[in-house]
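Enquirer: Everything below, folded, please.
(chains A and B)
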There are 2 protein chains.
Amino acid sequence: MSDKKIEIIEVGPRDGFQNVPDFIPTEYKLKVIDGIIRAGIKSVQITSFVSPKAIPQMKDAKEIAFACLDRYPDSNLFALVPNMYGAKLAVECGIKEIYYVISVSETHNFNNVRKSHDESFMELSEIQKLYPYLKINLDVATAFGCHFEGDIPIEKTMAFLKRAHDIGISSFNLCDTVGLAHPMMVERLVDASLSEFRECEFQIHIHDTRNMGIINSYKALERGITKIQTSIGGLGGCPFAPGASGNTSTEDFVYMLNRMGFNTGIDVNVLIEVALDLKEHISGNYSGHQVLIDKDHR
Amino acid sequence: MSDKKIEIIEVGPRDGFQNVPDFIPTEYKLKVIDGIIRAGIKSVQITSFVSPKAIPQMKDAKEIAFACLDRYPDSNLFALVPNMYGAKLAVECGIKEIYYVISVSETHNFNNVRKSHDESFMELSEIQKLYPYLKINLDVATAFGCHFEGDIPIEKTMAFLKRAHDIGISSFNLCDTVGLAHPMMVERLVDASLSEFRECEFQIHIHDTRNMGIINSYKALERGITKIQTSIGGLGGCPFAPGASGNTSTEDFVYMLNRMGFNTGIDVNVLIEVALDLKEHISGNYSGHQVLIDKDHR
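Expert: Down below sits the predicted model:
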């Protein structure tokens, strides 16, 4: 298995930072992104084009996008957009690939983006029509359950994927939005998704809320998903689980893969330096373990 | 797989407590053990019969053993012993089952118990002869590597197991003493051990130092080991990895198993109460995540 080509997609600058209450200076955000790219990570979700009223932390999305696109022409730089307005801003900044979010749980979708499924899918269609050259990935939020609707039956997620596929979406990100996934659930959903939508691309986005970040991300890899989203330091959080940790930690996950002989091309020591510096500058929930280990015993 | 009968072996009162520098009052230790048993855990490593000079925390081993054997006649109560003297004390207290420790890495063995392999195996033989009715499990320490000798080749561990088996040992605990295991290593060692020693019992003991506690413990279960050692709160530590966390957290591991439909018979909420109380009373490295989650979202 270790000859698989794995793509680590760093989402710390988006999912990690957006959960930090105090504004992080733009220059510092750029420094973190620089460290991530220096470590050898090729794909980074650099920001989110959301209303600065809803998430003030992301108010510098344009500056971040301009600076990164200019500095790293060879990297894959993505942005999250929750609506048409965000998509417009992203395109204006030169972003070539976005993540649009719809939750499988309609209750969660309404709470998250204030739209019904019909409204969300309609907007997604409009974005596609308006920007035919923009690559659109769909964040399949709450694919592993949510606090409003509980467990999400696989059939429901399959129907959701089909609906998106029918309007032309072929890249999906299975998101464990609140950290409810468990290994067997990951196995079942990944198996079903990959066998039902053979020609589509799949990614996985796992939260470490219940200490299953590493195992769930790895399960997805074992079952055939090779694009894994992680967050530097394990930074992030969930508004519904105070104190709980964020996404699967990039440095821990990459450390594990490297130890097992996967060719990630990523230097964990650089990631650890970035994460240690982050911990010193930004208060947040860090679930990464590598940064705790004495340098001599790494 | 979820119809497997799993035995969770709680080692917090031994491996967790022995890493806490300040002495924990005996009454409080007994309170924790009581909570663990109340939660439904049947097997507990309650203490260690070591020199009080080496580990002052365990100086109340006799009192703990007497109290527990008296209070919980239906539970499986174990003690760790590093030498003949410890075995004698354990037997005098009425302990019926012990864990004796030898490291596969002879360098680690010498650092840990000041004995060569020959000396350790000779002592183990003597304990067997002296106490034929005592059940002896062998802690196969550093089975997944150590900081002195690095990676341990599987052939070396197989030869080590054979040597122990030849003198009559049939219950082995594969220990990731310093937290160097990774999932593929667990797969390989467990597969080799179970196929080579079909008539023996195997357990696994994993440290969460590098955030692979849950995944490594679960890998062992997937490959056929059904006796898993964990520690309440993820309490514990490693003298070679300052700040790093201890064993796989009992409440997190059991939570995951219960969510997946395994019949553990263990009430996670009781475990969380115990772990929360522990965190309030005892400073240490807690790697468990469940205790961080808001009660409403557990």
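Enquirer: burial count for residue A:203?
Expert: Residue A:203 has 23 neighbours, counted by other Cβ atoms under 10 Å in any protein chain shown. All C-beta spots, glycine's among them, are computed from the backbone N, C-alpha and C.
Enquirer: Please apply the same query to residue A:147.
Expert: 18.
Enquirer: wait, it sits on residue A:178?
Expert: Yes - with contacts counted by Cβ atoms under 8 Å, residue A:147 reaches residue A:178, the gap being 6.0 Å.
Enquirer: got the CA coordinates for stretch A:206-215 in CSV?
Expert: Only the C-alpha atoms of stretch A:206-215 are listed here, as CSV (Å, rounded to 0.1, in the frame of the first residue of the first chain):
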residue,chain,number,x,y,z
ILE,A,206,-11.9,14.5,9.6
HIS,A,207,-12.2,16.2,12.9
ASP,A,208,-10.3,14.8,15.9
THR,A,209,-13.0,15.6,18.5
ARG,A,210,-13.3,12.1,19.8
ASN,A,211,-9.6,11.0,19.3
MET,A,212,-10.4,9.3,16.1
GLY,A,213,-8.7,11.8,13.8
ILE,A,214,-5.7,9.7,12.8
ILE,A,215,-7.6,6.4,12.6
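Enquirer: Any part of it near chain B?
Expert: Yes - counting by Cβ under 8 Å from any Cβ of the partner chain, chain B has neighbours in stretch A:206-215: A:208, A:209, A:210, A:211, A:212, A:213, A:214, A:215.
Enquirer: which one is the last one nearest to, not counting chain neighbours?
Expert: Of all residues beyond its chain neighbours, the one nearest residue A:215 is residue B:215 (4.1 Å), with distances taken as Cβ to Cβ, 6 or more residues apart in numbering or on different chains.
Enquirer: ok, now which ones touch residue A:3?
Expert: Contact partners of residue A:3, counting by Cβ atoms under 8 Å, 6 or more residues apart in numbering or on different chains, are residue A:263.
Enquirer: How about the secondary structure of it?
Expert: coil (DSSP: H, G, I helix; E, B strand; the rest coil).
Enquirer: And the contacts of stretch A:265-274?
Expert: A:8, A:32, A:35-36, A:38-41, A:232, A:250-251, A:254-255, A:258, A:290-291, A:298.
Enquirer: Buried only: go through the residues you listed for me.
Expert: A residue is treated as buried here by neighbour count (16 or more other Cβ atoms under 10 Å in any protein chain shown); on that basis the buried members of these are A:8, A:32, A:35-36, A:39, A:41, A:232, A:250-251, A:254-255, A:258, A:290-291.
Enquirer: re earlier: please list which of the contacts of stretch A:265-274 are also close to chain B.
Expert: With Cβ under 8 Å from any Cβ as the criterion, the members of these in contact with chain B are A:255, A:290.
Enquirer: In helices only, show me the contacts of stretch A:265-274.
Expert: Taking DSSP state H, the ones among these that sit in helices are A:32, A:35, A:36, A:38, A:250, A:251, A:254, A:255, A:258.
Enquirer: what about the first one, distance to chain B?
Expert: Look at residue A:32 and chain B: by Cβ to the nearest Cβ, to the nearest Å, they are 20 Å apart.
Enquirer: which intervals of chain A have sub-threshold pLDDT?
Expert: Counting by pLDDT under 70, chain A shows low-confidence ranges at A:237-244.
Enquirer: Which positions in it make contact with chain B?
Expert: By the rule Cβ under 8 Å from any Cβ, the part of chain A lying against chain B is A:1-2, A:147, A:178, A:182-185, A:208-215, A:218, A:240-245, A:249, A:252, A:255-256, A:259-261, A:287-290, A:292-294, A:297.
Enquirer: Just the buried residues from those residues, in PyMOL please.
Expert: Filtering the residues of chain A next to chain B down to the buried ones (16+ other Cβ under 10 Å) takes a single PyMOL command:
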select buried, chain A and resi 147+178+182+183+184+185+208+209+210+211+212+213+214+215+218+240+241+244+245+249+252+255+256+259+287+288+289+290+292+293+297
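Enquirer: Tell me which of the residues of chain A next to chain B fall in helices.
Expert: Using DSSP H, the members of the residues of chain A next to chain B that fall in helices are A:183, A:184, A:185, A:213, A:214, A:215, A:218, A:252, A:255, A:256, A:259.
Enquirer: Quick check: the two most widely separated of those?
Expert: In terms of Cβ to Cβ, these reach their longest pairwise distance at A:185 and A:259, which sit 25.9 Å apart.
Enquirer: Okay, strands next: where are they in the stretch 151-298 of chain A?
Expert: A:171-176, A:201-206, A:227-230 (DSSP state E, counting those that start in this stretch).
Enquirer: just checking, what packs against the shortest one?
Expert: Under the contact criterion of 3 or more Cβ pairs under 8 Å, 6 or more residues apart in numbering or on different chains; DSSP states H and E, the helices and strands touching strand A:227-230 comprise strand A:7-10, strand A:201-206, helix A:213-222, helix A:250-259.
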